[in-house]
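Trainee: No letters, just coordinates:
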């Protein structure tokens, strides 16, 4: 197996290991929601104890249905715009390029310095693929993309915005809409219900990072700016229960009952596709 790669990440950045673990484990399923052998290869090389996540079956499925949905949106974008630009904010150790790239598009992958240092152990820049060390909340990556591309742009940010302060999410959308007009932005959002009960999360209970941003209604972001339009909203509740046999028994049987008597459960978490301008 060779020398294992040490993991030295900040509190929020460490959470990138959850979707990596989920995608790697998904390869062991008889009918995987998302096929990602690259994640398995990376996981096997990391010097990190993933055993606390062994029971996080709902998170495994949740990360993978989210990733698969964003993959579908990215493929659809590239079918319409084969020479477009794909941007991943908070890319972590995601291997979407390996899963989706069409051989023509321009890719930018952005993450904080410690996360990017780890990423460079497994991925390399190419003439079409650029890894950028920096914060999604700063303008450096936007200026780089503006100087090198003409659009259109597809932006994906999975499991990232929920760690931002509400005003930071608003500011990010505004900066993107101003600088990259017409960009589509795929991201996930949670309700205040999930925010209040985050320490019960089957994976996040093992991490120190805390969710910060929530919206009572996923469509609330459309009211922030007249340029914003949600093109698609997918409920995690319905995405998860499309695969009932993959869920732990208590999810499988109690979830639908709880959803029937307490509808906010069905609106607890979404993955969204937002048009900015």
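Mentor: The structure has been received and is ready for your questions. Bear in mind the structure is a predicted one, so any value in this text is a computation, not a measurement. Residues are numbered from 1 along each chain as shown.
Trainee: Show me where the stretch 101-250 of the chain has its strands.
Mentor: Under the criterion DSSP state E, counting those that start in this stretch, the stretch 101-250 of the chain contains strands at 106-111, 129-133, 153-157, 183-190, 228-235.
Trainee: could you measure residue 171 against residue 83, distance?
Mentor: 30 Å (Cβ to Cβ, to the nearest Å). The way it works is simple: take the backbone N, C-alpha and C, and place the C-beta from them, glycine included.
Trainee: In stretch 161-177, which residues have enough neighbours to count as buried?
Mentor: For stretch 161-177, the neighbour count (16 or more other Cβ atoms under 10 Å) marks 161, 162, 163, 164, 169, 172, 173, 175, 176, 177 as buried.
Trainee: pLDDT and distance to residue 67 added to these, as a markdown table?
Mentor: As requested, those are exported to a markdown table (pLDDT from 0 to 100; distance: Cβ to Cβ, whole Å):
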| residue | pLDDT | distance to residue 67 |
| --- | --- | --- |
| 161 | 98 | 16 |
| 162 | 96 | 15 |
| 163 | 96 | 18 |
| 164 | 98 | 20 |
| 169 | 98 | 21 |
| 172 | 98 | 21 |
| 173 | 98 | 22 |
| 175 | 98 | 25 |
| 176 | 98 | 21 |
| 177 | 98 | 25 |
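Trainee: From those, which land in helices?
Mentor: Counting by DSSP state H, the buried residues of stretch 161-177 place 169, 172, 173, 175, 176, 177 in helices.
Trainee: one step back: with mean neighbour count, mean pLDDT and distance to residue 92 as new columns, can the strands of the stretch 101-250 of the chain be given to me in a markdown table?
Mentor: Shown next, in a markdown table, are those (neighbours: other Cβ atoms under 10 Å; pLDDT from 0 to 100; distance: least, Cβ to Cβ, whole Å):
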| stretch | mean neighbour count | mean pLDDT | distance to residue 92 |
| --- | --- | --- | --- |
| strand 106-111 | 23 | 99 | 6 |
| strand 129-133 | 17 | 98 | 12 |
| strand 153-157 | 24 | 99 | 10 |
| strand 183-190 | 23 | 97 | 14 |
| strand 228-235 | 16 | 96 | 21 |
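Trainee: which one of these lies closest to residue 211?
Mentor: Nearest to residue 211, of all the strands of the stretch 101-250 of the chain, is strand 183-190, at 6.5 Å by Cβ to Cβ.
Trainee: for residue 127, phi and psi?
Mentor: Taking degrees, to the nearest 10, you get phi -70, psi -20 for the backbone angles of residue 127.
Trainee: now swap in residue 63 and tell me
Mentor: Torsion angles, degrees, to the nearest 10, at residue 63: phi -60, psi -40.
Trainee: and it, what is it in contact with?
Mentor: 18, 19, 22, 23, 159 (Cβ atoms under 8 Å, 6 or more residues apart in numbering).
Trainee: okay if I get the residues you listed as JSON lines plus distance to residue 237?
Mentor: Below are the contacts of residue 63 laid out as JSON lines (distance: Cβ to Cβ, whole Å):
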{"residue": "18", "distance to residue 237": "19"}
{"residue": "19", "distance to residue 237": "19"}
{"residue": "22", "distance to residue 237": "18"}
{"residue": "23", "distance to residue 237": "21"}
{"residue": "159", "distance to residue 237": "17"}
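Trainee: Can you tell me which of those residues is closest to residue 215?
Mentor: Nearest to residue 215 among the contacts of residue 63: residue 159, at 15.6 Å, using Cβ to Cβ.
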